[in-house]
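Undergrad: 3D, please:
(one chain, ligands or ions: 1)
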Amino acid sequence: MKEVLAQTQPAIVKNETKRVRELFEQNVVPSYARFDLVLERGEGSYVWDSDGRRYLDLAAGIAVCSLGHAHPEITKALTEQSQKLIHVSNLYYTELQGQLAKRIVDLIAPGRVFFCNSGAEANEGLFKLARKFGHDEGRYEIITTLDSFHGRTLAGIAATGQDKVKKGFEPAVTGFKHVPFSDLDAMRRAITPQTAAILVEPIQGESGVTIATPEYLIGLRNLCDEHRLLLFFDEVQAGHFRTGKFQSWQRILEVGAIDPNRPGGSVNRPYLPDAVSMAKSLGGGFPIGAFWVRDKFSDVLSAGTHASTFGGTPLACAVALRILDVIKRESLAENARRLGDFLISELRTLSKKYPNVLRAVRGSGLIIGLEFEPKLAAFGREEKSPAIQVANRLHRAGVLTVPAATSVIRLLPALNLRRSEAEEGLHAIEAAIVDLKQ
Ligand code: PLP
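TA: Numbers count the residues shown, from 1 in each chain. Sure, this is the predicted structure:
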């Protein structure tokens, strides 16, 4: 009987995945290249598929599930608030939206916050802020960087410095141009009398975890000051304590030696961008996005100029506030920093041990990119990009990661990842590397 069960089980599993896949094929717009996994439930940093197989989730919904899965505090916030008030429109005041805005202001600097539902929508808000700011002087251009990612709306793909997201959707929204990341001279040359703002990700996530230097961020601030431009940071992926600080630019400037004698260097002025977009981890899986704007520009978007029906509902704000409470109470910023340092250092050791497979490891806290050697013989056996092949191999080993670029995978785990879970992930990654080396 046991033998029969053992034989029939894989068939049932296959049918279950096949059934859900067919449901999608018939009914869901096929705009995603999905992995062949049907996920059913989660707890902490683990998820289970429809076969009951457990995976260590080092992807956390692409940097979304900041407290992992099924966190009791999130469930409690959702339950309690949903019994009181889920939604009223932004025609009215609600205490929780005001409280969450204050918490964000307190974590960045004096200013104000606009709430929306996603990263792309938060960036749309920044684009409108730039346009309104420059409008009366005929300034509307926004300079972004190559290999950036700013979302999939029409303006989001125009802002994104990657051709692949723009293809087929021409003509592009006007007013965006791209220069190489980390190249201040190129940024300076791109500024015209029409330029209103510069937008960068202090850590480029989608294109493979590339971290700006402190000098670059300071140089951008100085350029913006010189030319009266707004400086925007997209912290949708790297923000919300992932690096050990609330936003990644705060971590970058802390760890980098800021030399006041270097051109552009200054320790006397507190460093601030003019606006910051956020989403993902802010709601831990419940959709919420936001942008913070510095006090002196915080009334540019005056009444009637911008809106979002679901922006900052009491339910979303209750969840986001609870997440901030848990992060503080459980010192999760420190956990992200400590475990991130541990993971990065162990992965760099692996890179030294297997330099022909793992070419580089880049990261800050719990946003980590592993760059594989794309010319490995093992990768030649399949059409799929090396990044997708590595992600698939890790799935087979019971670990979820996120592909980036063609040969980079990202680790973006929950901020409450445990040391034992990090070690489990490292073992699986080393085993995958050894296997690739064959
Ligand atoms: N900006 C960055 C840096 C991102 O990583 C993403 C999503 O991955 C976005 C914007 C878009 O966010 P959303 O998918 O919530 O619209």
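Undergrad: Would you agree Glu382 is in contact with Gln389?
TA: Yes: counting by Cβ atoms under 8 Å, Gln389 is a contact partner of Glu382 at 5.8 Å. Quick note: C-beta positions are derived from backbone N, CA and C, even for glycine.
Undergrad: Neighbour count for those two, which is higher?
TA: When neighbours are counted by other Cβ atoms under 10 Å, Glu382 and Gln389 differ, and Gln389 comes out ahead with 22 against 11.
Undergrad: Hmm, Gly44 is touching Gly68, no?
TA: Yes: with contacts counted by Cβ under 8 Å, Gly44 reaches Gly68, the gap being 4.3 Å.
Undergrad: average pLDDT for the helix or strand where Lys18 lies?
TA: Assigned by DSSP states H and E, Lys18 belongs to helix 2-27. Confidence for helix 2-27, expressed as mean pLDDT, is 70.
Undergrad: just checking, what packs against the next helix or strand after it?
TA: Next along the chain after helix 2-27, taking DSSP H and E as the criterion, comes strand 39-43. Counting contacts by 3 or more Cβ pairs under 8 Å, 6 or more residues apart in numbering; DSSP states H and E, strand 39-43 packs against strand 46-49.
Undergrad: CA atoms of the strand it packs on as PDB?
TA: Output of strand 46-49 as PDB, limited to C-alpha atoms (Å, rounded to 0.1, in the frame of the first residue of the first chain):
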ATOM      1  CA  TYR A  46       8.800  29.400   5.200                       C
ATOM      2  CA  VAL A  47       6.100  28.800   2.600                       C
ATOM      3  CA  TRP A  48       4.500  25.600   1.500                       C
ATOM      4  CA  ASP A  49       3.500  24.500  -2.000                       C
END
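Undergrad: Give the partner strands of that strand in its sheet and their orientations.
TA: strand 39-43 (antiparallel), strand 54-57 (antiparallel) (DSSP bridges).
Undergrad: which one of those is the most hemmed in?
TA: strand 54-57 (a mean of 20; mean count of other Cβ atoms under 10 Å).
Undergrad: Give me the neighbour count for the nearest residue to Gln162 once chain neighbours are set aside.
TA: Ranked by Cβ to Cβ, 6 or more residues apart in numbering and with sequence neighbours excluded, the top spatial neighbour of Gln162 is Asp147, at 6.3 Å. Using other Cβ under 10 Å, Asp147 is surrounded by 18 other residues.
Undergrad: List the contacts of Asp147.
TA: With contact set as Cβ atoms under 8 Å, 6 or more residues apart in numbering, Asp147 has these partners: Gly161, Gln162, Phe181, Gln204, Ser207, Gly208, Thr210.
Undergrad: Name the residues of the stretch 301-438 of the chain found near the ligand, please.
TA: Within the stretch 301-438 of the chain, no position is adjacent to the ligand by Cβ under 6 Å from any ligand atom.
Undergrad: what are the ranges of the helices in the stretch 301-438 of the chain?
TA: Ranges of helices in the stretch 301-438 of the chain, per DSSP state H, counting those that start in this stretch, are 314-329, 332-353, 377-380, 386-396, 419-437.
Undergrad: Can you list the buried residues in stretch 318-338?
TA: 318-324, 326-327, 332-333, 335-337 (16 or more other Cβ atoms under 10 Å).
Undergrad: Between these, which sits nearest the ligand?
TA: Distance to the ligand, by Cβ to the nearest ligand atom, is smallest for Ala320 among those, at 14.2 Å.
Undergrad: pretty sure the closest one is touching Ile288, no?
TA: Yes: with contact defined as Cβ under 8 Å, Ala320 counts as touching Ile288 (5.5 Å).
Undergrad: who touches both of those two?
TA: Counting by Cβ under 8 Å, 6+ apart, the shared contacts of Ala320 and Ile288 are Leu282.
Undergrad: Run through the residues that contact the residue of the stretch 1-150 of the chain found nearest the ligand.
TA: When scored by Cβ to the nearest ligand atom, the stretch 1-150 of the chain has Gly119 as its residue closest to the ligand, at 2.3 Å. For Gly119, the contacting residues are His150, Gly151, Asp234, Val236, Gln237, Ser277, Met278, Ala279, Lys280, Gly289, by Cβ under 8 Å, 6+ apart.
Undergrad: ok now do the residue nearest to the first one when sequence neighbours are not counted, which residues does it touch?
TA: Counting by Cβ to Cβ, 6+ apart, Ala159 is the residue found nearest to His150 once chain neighbours are left out, at 4.1 Å. Neighbouring residues of Ala159 by Cβ under 8 Å, 6+ apart: Asn123, Phe127, Ile142, Thr144, Ser148, His150, Gly151, Phe176, Leu199.
Undergrad: Make CSV out of those and add distance to His227 and neighbour count.
TA: Listed next are the contacts of Ala159 as CSV, based on distance: Cβ to Cβ, whole Å; neighbours: other Cβ atoms under 10 Å:
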residue, distance to His227, neighbour count
Asn123, 21, 29
Phe127, 18, 25
Ile142, 13, 26
Thr144, 16, 26
Ser148, 20, 21
His150, 21, 32
Gly151, 25, 23
Phe176, 17, 22
Leu199, 15, 24
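Undergrad: out of those, which touch the ligand?
TA: Asn123, His150, Gly151.
Undergrad: is it fair to say the first one lies in a helix?
TA: The reference is to Asn123. Yes: counting by DSSP: H, G, I helix; E, B strand; the rest coil, Asn123 is part of a helix.
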